[in-house]
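Asks: fold the following and give me the result.
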Amino acid sequence: MLHILLSTYNGERYLSEQIDSILAQTYTEWRLYIRDDGSRDGTKAILKIYAKAHPERIFIDETEPNGLGAMRSFEYLLAQHGDADYFAFADQDDVWLPDKISLCMETIQQEEAKHPDKPIVVHTDLQVVDEQLCELSPSFWAYGGIHPEILDTNIYYLAICNSVTGCAMLMNRAAREAVLPFPEHVFMHDAWIGIRVLSAGGKVIPIPQKTILYRQHGDNVCGAQRYRFRLDNLREKYWWAVRSYQTGHPLVFHNIAHFLYWKTRYFFTLHTLRAS
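Replies: Numbers count the residues shown, from 1 in each chain. Next up is the predicted model:
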């Protein structure tokens, strides 16, 4: 059984499209657990309609106070609804392509056959789209200059540049046990999950197919950022570096000097790769 975990907050504009796309998945052995974080629009009414229409599949969790924020809301759902073999996160504003779950399940089960009892996370590429689902980029990885082939096997690089997008990942039970609880200083759950699984001796496996229409609309908690090497966004670069260090310390980086050493190595590795 797969548990899909969805956290909502003022998501009425796109929520129905997302839930409909989950209901349309070719893989059907799943349950959807939803936690609202204090919406003030019509989100809760939409959720009640779907839960009433699909009582065997869709469940609303109303046991935790509001205002946790996206990361802690997902942590709560993962901790409270752990009686499954596999887990996936869903954002309220995307659209899943019909074979998203089946492709991830096939891949993770193949990896489990080769690496029994190991924590495993699989994650896919995404298609970047605008509010009306018109394509901005056919590949989120290309759009953001993300190279999972070098990131997903190197814990230092992965802690500097996260390749694992939360809504595009699927993990097994061993991975869930390895990543909980999320540390206090972690910025986003997906970055923590990737490096924690690697540190526990697990596997992070990229899937090159695009399985999500990754909607960009100006209110994304953490949206797609186009990769550009320029010197006029140093404040933004510093902001991301601080959060990377906070997420990776002390699990990955012993101190700031250790972080800067690996960040420099990643910089030259990335630009050597782009030049080849």
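
Asks: what about the strands in the stretch 151-276 of the chain?
Replies: Listed in chain order, the strands of the stretch 151-276 of the chain (DSSP state E, counting those that start in this stretch) span 169-172, 203-215.

Asks: need those in a markdown table with mean neighbour count, can you?
Replies: Any C-beta I mention is one placed from the backbone N, CA and C, and that applies to glycine too. Listed next are the strands of the stretch 151-276 of the chain as a markdown table, based on neighbours: other C-beta atoms under 10 Å:
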| stretch | mean neighbour count |
| --- | --- |
| strand 169-172 | 26 |
| strand 203-215 | 21 |
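
Asks: so which of those comes closest to residue 16?
Replies: Nearest to residue 16 among the strands of the stretch 151-276 of the chain is strand 203-215; the distance by C-beta to C-beta comes to 13.1 Å.

Asks: listing partners with orientation, what would you give for the closest one?
Replies: Sheet neighbours of strand 203-215, with direction, are listed as strand 95-96 (antiparallel), strand 120-129 (parallel) (DSSP bridges).

Asks: any idea which of the ones you listed is most buried?
Replies: Mean neighbour count (mean count of other C-beta atoms under 10 Å) peaks for strand 120-129 among these, with a mean of 25.

Asks: and the next helix or strand after that one, what does it pack onto?
Replies: Downstream of strand 120-129, the next assigned helix or strand under DSSP states H and E is strand 135-137. Helices and strands touching strand 135-137, by 3 or more C-beta pairs under 8 Å, 6 or more residues apart in numbering; DSSP states H and E, are strand 120-129.

Asks: mind giving me TSV with the strands paired with strand 203-215 and columns for mean pLDDT and distance to residue 50?
Replies: TSV is the format used below for the strands paired with strand 203-215 (pLDDT from 0 to 100; distance: least, C-beta to C-beta, whole Å):
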stretch	mean pLDDT	distance to residue 50
strand 95-96	98	15
strand 120-129	98	23
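
Asks: would you list the ones you listed in CSV and tack on distance to residue 215?
Replies: Below are these laid out as CSV (distance: least, C-beta to C-beta, whole Å):
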stretch, distance to residue 215
strand 95-96, 7
strand 120-129, 6
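
Asks: nearest to residue 239, out of the ones you listed?
Replies: Across these, closest to residue 239 is strand 120-129 (C-beta to C-beta), at 21.3 Å.

Asks: closest to the centroid, which residue in the chain?
Replies: By C-alpha atoms, centre = their mean, the chain has its centre lying nearest to residue 166, at 0.5 Å.

Asks: wait, what's in contact with that one?
Replies: By C-beta atoms under 8 Å, 6 or more residues apart in numbering, the residues touching residue 166 are 74, 89, 91, 188-190, 193.

Asks: show me which pair in these is furthest apart.
Replies: Based on C-beta to C-beta, the longest span within these runs between 91 and 193 and measures 15.0 Å.

Asks: taking the mean pLDDT, what do you get for the longest helix along the chain?
Replies: When the chain is scanned for its longest helix (criterion: DSSP state H), the result is helix 256-275. Mean pLDDT, helix 256-275: 90.
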